[in-house]
Structure formats: structure tokens, C-alpha cells
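Trainee: give the three-dimensional model of this entry:
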Amino acid sequence: MNRIMRWSLLSLFVLLGPTGVRVASAQTVSALSCSSTDVQTALNSVNADGTTVLLPGCSSTWTSAVTYNQAFSTTIQGQSTTSGTCAPGGTCTPTDNTTIALNSTGHGLLNITTRAGKSFRLTGITFTMPSSAAASYGQINVSGGSTAVRIDHCHFDDQVNGDHTLQLDAWNGVVDHNVFDSSNQANLFFIQPTNMGSDGTGNAIWAQPDSFGTSNFIYAENNLFQNGTFVFDDNYGGRIAFRFNIVGTNSRIQTHGAGSAPPRRSGRTVELYGNTFTFATNPSSSNFFAFLVDLEGGTGIEWGNTITGFGTFIREDTVRTNNATYSQQAPPNGFGYCSSSPIAGILGPSPWDGNELGQFGYPCLDNVGRGQGDLLAVAGNSVFPLTNTTTGTTTWPHQVLSPHYAFDNVFNTIQNITPHYWGNFDSVTVENRDYYLQLPNVNESATFNGTAGIGQGPLASKPSTCTPFVGWWATDQGSWNTSGNGIGNGVLYVCTAPNSWTPYYTPYSYPHPLISGTQTSEAPAAPSDLAATVN
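Mentor: This next block holds a predicted model:
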């Protein structure tokens, strides 16, 4: 074979690819349309790291699922755009050039399983869930072990009552510069950012440190959420960092606790900062105005937010203290109730709880303000009974005290409604033990003196004396925010021993390294499967 023919065949192979799918360049696979069949065909042809599956400007309705079990670092890219900063004080406007309507009576029409050591990106696509579709736990499911996932510049328009637009499981990365829109006020915009662990319950994550300020979270930053009910719902040991988003009408946040669906564990950690939450001009017309954040378990840090139109900023609700929301099965077939007395005919207290004297069962399993504990596990593929692997029995997992810290928030109250910066739905959690609040706040006039609550200002202004667990937000420390968005920086110091201040929390780099391009791990590699021999 002569030299000219060899190069001609190589050029044809690069143009068409090994499967005959049209390849625009060595690392771009162009889907012929945005139908489910053509998108699936394009994904099936990916055979090298760094491949972009390019969707044209088009519109299609899917009734059958597209599935991609990732083997290579891959980008799926459409032609839709979002313009603006998508950050507080800015705007975010979608342009719908590539539109896929997910119209199914089943579960999930786009299912991505990411792979550890590989990057994945979903960008530039408008997804609509028409009202004719059935409610589904994840019309779009992204799961797997990658720590370099990015979902950006998409428009999610969900019209289905009770639907979960996105279900996100087990990976780490960032969801940014998207518009989440709906005319259905019962819609769940953003469901279950989780790191469930190998048993699918969250047990493994609850045996790990809090990891505040690290990459071990799903980050949602610079998005617009509007016209929904729940912005996100965090459970199964999920870690979510929700920052610098615009959250509009009729939207709020929820974390599910242990006992909401045993053996599911509570959400693990929440970071909530730099966002604007504006409920509605006439919030009393809807019962969802009552509180912004519904905490059922785990720990978190909530700071630098502007909240308008809500009666309560944060509400704690330990659902296992009664049967008003969920009924509990007694151990060993369930967690039982966190109570010092029997409830609904089930004996208390439960061995899964700390049951300190006179404390209503406290600390409850995965209590608000609790962190790392002993690993719980099940035998084989069963659900119950669980075992504390440290003790070998059904025993409280000795979860450490890890309080919530809420500070530097602007809470614009509602006329004729008594505001609550933090509200307890039960008698389990206690201020200045399980949670610490900025002083003063809308309910407390005391100024910070180091004995309770949280103060803020330059590091040199913190009191020289302090009581363990109180906090100080040092506004002149840190260099994690390079965006120039006017928020500045800051580091949270916590009193770890009498009169001893220690740096406790520094937020993760902003913008996220997957946006700014500074993250080097799991970056798409150059193609390694192209070669030519010239004789």
C-alpha cells in the first residue's frame, strides 16, 4: 500500500470514526440530531478521553431512556446558553437552542454513571419535563464515582407535580450557571445531592469527618432557581455546598433525617452561603413561607445569605421524636423513636440514640448538630438489622458534637409575623450546644462577648476569653474568594478549649476549580489511540 493511500485511509477513519458516526474532529462526536436514538448512538461511539458529544440546535421528545456508563472523560454539549452572572445582584437568562422534552411515565430518561478517575460534563441543553409526564425520582440521574463532574449552562423547565428534575448520587463536582424553572409550585427542583457509600444508605459517610470547605461536596453555585417548592433535598449522608445562587419565588430547602425512610440516614453536611432567597411579594398566601431551611439532621454552616419573605430562617425538626410525620419500626427492624417514653405502642428509648438522662432521647441518631460516629453496617444484602461495627451490637454510634453555625446573615422580616432566626419544632436541640447563632440577631439583642453565640469582625477584635464551641467570623482572613463579587473572604474560628481560638472553617475555592480551570486532577487526557506508520 503506498504512502498516499495510507494517509487517505487514516483521514477517513478520523473523519467517520470506527463506528461510522460522523466525527467532526479527533475528539468530537456529532450526534445527527437530539433524538434519544441518535444521542445514544453518539455516546456509544465514545472511545477516548477528552471526547465531546456535540448536539446540534434541535428539538426532540424522548420517551425511551438514554444511558451512558462512562469509560472515558466525556462532555455532552448542546447549543443552549445562559447569559449573565447567575449570581446575587446579577441576572441569568436562558436561550433554548437545543431542547429535549423528557416525557415518560417511568423512572429517568437520561442516566449517567460516572467513573472514578474520569471527568464528566453536561452543558448547553434545555431539558423540559412536560405536564403529561409522570412524577419520577430523577428524570435525569447522574451517579458514580467521579470527583470531576460539572453540570452547567443548562435550562431545566419542569412542569410535573412532585417530579425530581435532577437526582445526583455519589460524585463530587459543581452544578453552575443553570436556570431551574417551573410553573408548577409543587415541583422538586434539585433532589438528593448525595454520597451514599457502598451500601446505598449513607452509613459510610456518617463514619467520616465533616470535611467542611473541601472538594468532598456537590457544589451548586451561580444558578437561578424560581417558581418551585424545594431547591434541594439532602439525605443518604449527602454533602451539599449551596453558594452564590439566586433563589426566587416559592422555593425552600430541606434535609431529610434518619427515620424518614429507614435505613436511610440523614443528610450529612450543608454549607449555605452568599445566596439571596426571596419568597414572594405576598408570602402569607402560601404555607411554604413559614421557614426557609428545614433541618432534620446533620450539621452545617449557614452564613452571608440575604433572606426576604420568610417567617423563619432555619427550623429544626427531629422527625423520630414522634409519629406526626413518619411511623417508626422498633429495633432491630427499624430505628425506633428517639424518646424517653413509648410512642404509638413501640417501646422507647431506642438503643440507636444516646439517651442522656432527662434529654428526651438526646442525642438522637444523626441529630441536628452531630457529626462523625461509628460505622453502621448490615449483613449481606439485608436492610436490617444494623450493627455498630465498633461494638458489634445495636448501639448508639457515639456521634461527636458538631454544632451548626449560622452568622452574618441578613434576615428581612415580614410585617405582622413574629420572625424566628432559628426555630425548634421539638425539645431535642438546644442553642449554644447543638447550634450557635450570630449575636445580636432578630430574636436576641445580646452582643457577643465570647461566652455564647458567634461574633464577627477582624481577627484582632475577637475576645481574648471564650467558652468552648462559640465562634468568631474573622472577616480579614482567608483568600479563597477570587471572584471579586464584593463578598470578600473570611475564616471561621471556633473556641476549642477555654480561651483558645482555632481556625475551624475556610470555604472552598470560589469560583469552583472546575469552572476556573485550576483543578488538575481527573482532567481529560490527550487522545492516545491515534497513530500512523509511513513506510
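Trainee: and for Ala204, the neighbour number?
Mentor: Burial measure for Ala204: 18 neighbouring residues, criterion other Cβ atoms under 10 Å. Backbone N, C-alpha and C define where each C-beta goes, glycine included.
Trainee: next: Asn424.
Mentor: Close neighbours of Asn424, defined as other Cβ under 10 Å, add up to 19.
Trainee: what pairs with it across the strands?
Mentor: Beta-bridge pairing of Asn424, defined through DSSP bridges, involves Glu316.
Trainee: distance check, it against Gly304.
Mentor: In this view, Asn424 and Gly304 are 23 Å apart by Cβ to Cβ, to the nearest Å.
Trainee: likewise Thr394?
Mentor: If you measure Thr394 against Gly304 using Cβ to Cβ, the figure is 41 Å.
Trainee: quick one: which of those two has more around it?
Mentor: Between Thr394 and Gly304, counting by other Cβ under 10 Å, Gly304 is the more crowded of the two (21 against 18).
Trainee: if I read this right, the more buried one contacts Gly488, doesn't it?
Mentor: No - the pair Gly304 and Gly488 fails to qualify as a contact (Cβ atoms under 8 Å) at a distance of 9.2 Å.
Trainee: what are the ranges of the helices in this structure?
Mentor: Using DSSP state H, the helices assigned to the chain run over residues 3-16, 36-44, 203-206, 513-516.
Trainee: same for the second one, what does it pack against?
Mentor: Read that as helix 36-44. Secondary structure elements in contact with helix 36-44, counted by 3 or more Cβ pairs under 8 Å, 6 or more residues apart in numbering; DSSP states H and E, are strand 51-54, strand 66-69, strand 74-77.
Trainee: deepest of those strands, which one?
Mentor: Highest mean neighbour count among the helices and strands packed on helix 36-44 (mean count of other Cβ atoms under 10 Å): strand 74-77, with a mean of 23.
Trainee: on that earlier part again, can you put the helices and strands packed on helix 36-44 in a markdown table and add distance to Thr389?
Mentor: Output for those, formatted as a markdown table (distance: least, Cβ to Cβ, whole Å):
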| stretch | distance to Thr389 |
| --- | --- |
| strand 51-54 | 42 |
| strand 66-69 | 31 |
| strand 74-77 | 37 |
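Trainee: quick one: closest of these to Asp169.
Mentor: When the helices and strands packed on helix 36-44 are compared for distance to Asp169 using Cβ to Cβ, the nearest one is strand 66-69, at 14.2 Å.
Trainee: which elements pack onto the closest one?
Mentor: Under the contact rule (3+ Cβ pairs under 8 Å, 6+ apart), strand 66-69 is packed against helix 36-44, strand 110-114.
Trainee: partner strands of it, with direction?
Mentor: In the sheet, strand 66-69 lines up against strand 110-114 (parallel) (DSSP bridges).
Trainee: what mean pLDDT does the strand it pairs with get?
Mentor: Averaging the model's pLDDT scores along strand 110-114 yields 94.
Trainee: who touches that strand?
Mentor: By Cβ atoms under 8 Å, 6 or more residues apart in numbering, the list of residues contacting strand 110-114 from outside reads 62, 65-70, 100, 102, 120, 122, 127, 139-146, 149, 171.
Trainee: just the ones in strands from those residues, please.
Mentor: Within the contacts of strand 110-114, membership in strands is found for 62, 66-69, 100, 102, 120, 122, 127, 140-144, 149, as judged by DSSP state E.
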